[in-house]
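>>> Here is a sequence together with a model predicted from it:
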Amino acid sequence: MIKKIYFIVLVFGFCSKISNAQVESFEMGFKFGINIADLEGDETKGFDPRTSIHIGLAAEIPINEYLAIQPELLYSFQGVKYDSEEPNFEKETLKLDYIYLPVILKYYPFYLAPGFSIEAGPQVGYSMTAERELKNTVNGGTEKSDIDVKDIISDIDFGANFGVGYQFEVGFFLQARYSLGLSNIIDIEGFDDSNFSQQNSIIQVSTGFKF
């Protein structure tokens, strides 16, 4: 696991160095923001979104005055909340945490507003954590119990991103994005119902700074 993460970071850094040598205006920085995460698909009735965060790195590689590519490396906290069916527990949170590598194409329509961009692109993610957090209120306190479910969650997640952004001249930027899951996150050995599928669905609002 550590080797895979280290490899992704090395590839991201290597690409950044190449781009920096070729494009004078290449920029790189950090971003963080809010996730409103949900699941779409089969048997999702009764699910409520999990509100959490994402954090990571973002670069900008200009193609011309209208187009740029923004590769990112993000850690994203996702999942859903729902009423528990377990005895003695009231609520559950399915915590699904991923490392994502989005590659976003940015279009700058300068005739609308300098710095404004329309954005879209694919992403691939690797599941880092998958667990059920069970909660119950007891005598004014909160009782918790965590159950690991990573063995039934697919390691790899594919998605597509659509959104808008605005970057100020000083490097500060804002982004709003919808991430549509394209792959089934359920991977149960021996479960042969190919019609059962659930996908990640995330609204992200981000801010950051590029140098």
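Received it, and whenever you're ready, just let me know what you need.
>>> For the rest of this, base every contact and every neighbour count on C-alpha atoms.
Will do.
>>> name the helices or strands packed onto the helix or strand containing Ser145?
According to DSSP states H and E, Ser145 maps onto strand 141-148. In this structure, strand 141-148 packs against strand 116-138, with contacts taken as 3 or more C-alpha pairs under 8 Å, 6 or more residues apart in numbering; DSSP states H and E.
>>> which non-adjacent residue is nearest the residue nearest the centre of the chain?
Geometric centre of the chain, nearest residue: Ser76, 4.5 Å, by C-alpha atoms, centre = their mean. Of all residues not flanking Ser76 in the chain, His54 sits nearest, at 4.3 Å (C-alpha to C-alpha, 6 or more residues apart in numbering).
>>> what separates the one you found from Tyr100, distance-wise?
10 Å (C-alpha to C-alpha, to the nearest Å).
>>> So for the strand or helix carrying Ile69, mean pLDDT?
Assessed by DSSP H and E, Ile69 sits inside strand 67-83. This predicted structure assigns strand 67-83 an average pLDDT of 97.
>>> How about stretch 92-109?
In this model, stretch 92-109 has a mean pLDDT of 96.
>>> in that stretch, what's buried?
Neighbour counts over stretch 92-109 (16 or more other C-alpha atoms under 10 Å) mark 92-108 as buried.
>>> roughly how far is stretch 99-116 from the heart of the chain?
Going by C-alpha atoms, centre = their mean, to the nearest Å, the spacing between the C-alpha centre of stretch 99-116 and its chain's C-alpha centre is 17 Å.
>>> Distance across it, terminal residue to terminal residue?
First-to-last distance for stretch 99-116 - C-alpha to C-alpha - comes to 27 Å.
>>> quick one, phi psi at Lys150?
phi -60, psi -20 (degrees, to the nearest 10).
>>> Contacts for stretch 174-184, please.
154, 157-167, 197-208 (C-alpha atoms under 8 Å, 6 or more residues apart in numbering).
>>> oh sorry, the question was meant for stretch 106-123
65-70, 100-105, 158-169.
>>> thinking again about what came up before, now do the helix or strand hosting the residue nearest to Ser76: distance to the chain's middle.
If you go by DSSP H and E, His54 is part of strand 48-62. Relative to its chain's centre, strand 48-62 lies at 6 Å (C-alpha atoms, centre = their mean).
>>> pull the CA atoms of stretch 188-208 into CSV?
Provided in CSV are the C-alpha atoms of stretch 188-208 (Å, rounded to 0.1, in the frame of the first residue of the first chain):
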residue,chain,number,x,y,z
ILE,A,188,-18.3,-9.2,-2.9
GLU,A,189,-16.6,-12.6,-3.6
GLY,A,190,-19.2,-15.2,-4.7
PHE,A,191,-21.9,-12.5,-5.1
ASP,A,192,-23.1,-13.2,-8.7
ASP,A,193,-25.9,-10.6,-9.0
SER,A,194,-24.4,-8.6,-11.9
ASN,A,195,-27.4,-6.2,-11.8
PHE,A,196,-26.6,-4.9,-8.3
SER,A,197,-24.5,-1.8,-8.5
GLN,A,198,-23.7,1.3,-6.5
GLN,A,199,-21.6,4.3,-7.5
ASN,A,200,-20.0,7.2,-5.7
SER,A,201,-21.6,10.7,-6.2
ILE,A,202,-19.8,13.7,-4.8
ILE,A,203,-20.4,17.5,-4.9
GLN,A,204,-17.1,19.3,-4.1
VAL,A,205,-16.5,22.9,-3.3
SER,A,206,-12.8,23.7,-3.1
THR,A,207,-10.3,26.5,-2.6
GLY,A,208,-6.5,26.6,-2.9
